[in-house]
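Asks: this one's structure only:
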DNA sequence: TACAACCGATTGCGAAATGCAATCAGATTG
DNA sequence: CAATCTGATTGCATTTCGCAATCGGTTGTA
């Protein structure tokens, strides 16, 4: 990890981590999209990240301590990327960024429904989501009873409902 | 303003605004440092921004609607930059970014005291600070009685107290 | 046992961004 | 009237970005 910093200001240091156009996009897709593999991140990216950029950022995020990499037992070539606690605690920042973007930027309806729900759910929902991520990525025991619908699943279902509604109204 | 976007995702669109190493630093210095002039931003920057980068980012932030520029009546060459409501509503994001950085990154004590106070003050303090910024930058009536110490002044005083204490303990 | 599809990357290369240094013309100050 | 300060601008070398093609190895299928 590079130890040369422009200053010891928390905002500056955070910016040195996220001050590029792709790092946070990758984390977004892992957190909200549930993606764990290189190809999932590469092909699932709405914004069309290039493979060399993805490889570079994954490496960088690992060096910074935001991700870890492990072998996939089902496939000798596959690597599974996991969020660390450091990355999981970005959920509130993601929620705020999404809320801000929803107010001030030309967001699309289907892609902002997640941000809307996350904003309405507030800190309690964020905590629940973070516990869910800790369970999935860090192997911690689940805090919700088995069978409880996960936060990501709820967000995904809401997204799909909007897409379905828009498709229906377009053909009606 | 450029209308070509990679996607309509709120987080992506926010990243298209802040996904560089300087834009948020400039806004930080305006919000927390109270800087309004080109030279103040240029020379006061801890991170040492170059003048051409500063000029470019100020222009870009104006095009994006985060800043406005006005003539300084006291000096025909001076320009005063003001935050818009769009920029003022970044305060909670700044607070979260600072709090996250304080936990996970090698921040310096004197530069993180502001983030600590902002975190402890929570949303009520953020709201008070935003009202203060609306008064200073948008000309809205102050919501606090005249004479009340401003949030920025409190943060600045706390910063200076830490600096003074560290200087004293160094010479003791 | 072929063979296509898929795996996580890597390389080449042109374009764009970065950042340092020097400079600018006009306004103000001493 | 000279020095300083104002918000920039320009030139230029370096670095970063990002698209396209490709890599060697693994897996599934016929």
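Replies: Great, that's in hand. If you're wondering where the values come from, they're calculated on a predicted model, not measured in any experiment.
Asks: buried residues in the longest helix seen in chain A, which are they?
Replies: Longest helix of chain A, by residue count under DSSP state H: helix A:109-133. By neighbour count with 16 or more other CB atoms under 10 Å in any protein chain shown, helix A:109-133 contains the buried residues A:110-119, A:121, A:125-126, A:128-133. Any C-beta I mention is one placed from the backbone N, CA and C, and that applies to glycine too.
Asks: give me the contact status of it with chain B.
Replies: Yes. Residues of helix A:109-133 contacting chain B under CB under 8 Å from any CB of the partner chain: A:111, A:112, A:115.
Asks: kindly report the same for stretch A:31-50.
Replies: Yes. Stretch A:31-50 lies within reach of chain B by CB under 8 Å from any CB, at A:46, A:47, A:48.
Asks: pLDDT value on the residue nearest to the second one when sequence neighbours are not counted, please?
Replies: What that stands for is residue A:47. In space, and not counting its chain neighbours, residue A:47 is closest to residue B:6: 4.0 Å by CB to CB, 6 or more residues apart in numbering or on different chains. As predicted, residue B:6 sits at a pLDDT of 89.
Asks: what residues does residue B:6 make contact with?
Replies: Counting by CB atoms under 8 Å, 6 or more residues apart in numbering or on different chains, residue B:6 makes contact with A:46, A:47, A:48, B:12, B:16.
Asks: filter these to the buried ones?
Replies: Buried among the contacts of residue B:6 by 16+ other CB under 10 Å: A:47, B:12, B:16.
Asks: which strands or helices does the host helix or strand of residue A:162 pack on?
Replies: Using DSSP states H and E, residue A:162 sits within helix A:151-171. Applying 3 or more CB pairs under 8 Å, 6 or more residues apart in numbering or on different chains; DSSP states H and E, one finds that helix A:151-171 makes contact with helix A:109-133.
Asks: residue A:81 contacts residue A:30, correct?
Replies: Yes. Counting by CB atoms under 8 Å, residue A:30 is a contact partner of residue A:81 at 6.8 Å.
Asks: hey, what's in contact with both of the two?
Replies: With CB under 8 Å, 6+ apart, residue A:81 and residue A:30 have common neighbours A:36, A:41, A:67.
Asks: which of those residues sits closest to residue B:88?
Replies: residue A:67 (33.5 Å; CB to CB).
Asks: which residues touch that closest one?
Replies: A:30, A:58, A:61, A:81, A:82, A:83, A:84, A:87.
Asks: what subset of the residues you listed is also close to DNA strand C?
Replies: When contact is defined as CB under 7 Å from any atom of the strand, the contacts of residue A:67 meet DNA strand C at residue A:58.
Asks: show me where chain A has strands.
Replies: Remark: strands assigned in chain A by DSSP state E are A:67-71, A:79-83.
Asks: around DNA strand C, which positions in chain A sit nearby?
Replies: Going by CB under 7 Å from any atom of the strand, the residues of chain A near DNA strand C are A:37-39, A:42, A:51-52, A:55, A:58-59, A:69, A:75, A:77-79.
Asks: how about 10 Å then?
Replies: Within reach of DNA strand C by CB under 10 Å from any atom of the strand, chain A has these residues: A:6, A:19-21, A:35-43, A:50-56, A:58-59, A:62, A:69, A:71-72, A:75-81.
Asks: can you flag which of those residues belong to helices?
Replies: Short answer: the residues of chain A next to DNA strand C in helices (DSSP H) are A:38-43, A:51-56, A:58-59, A:62.
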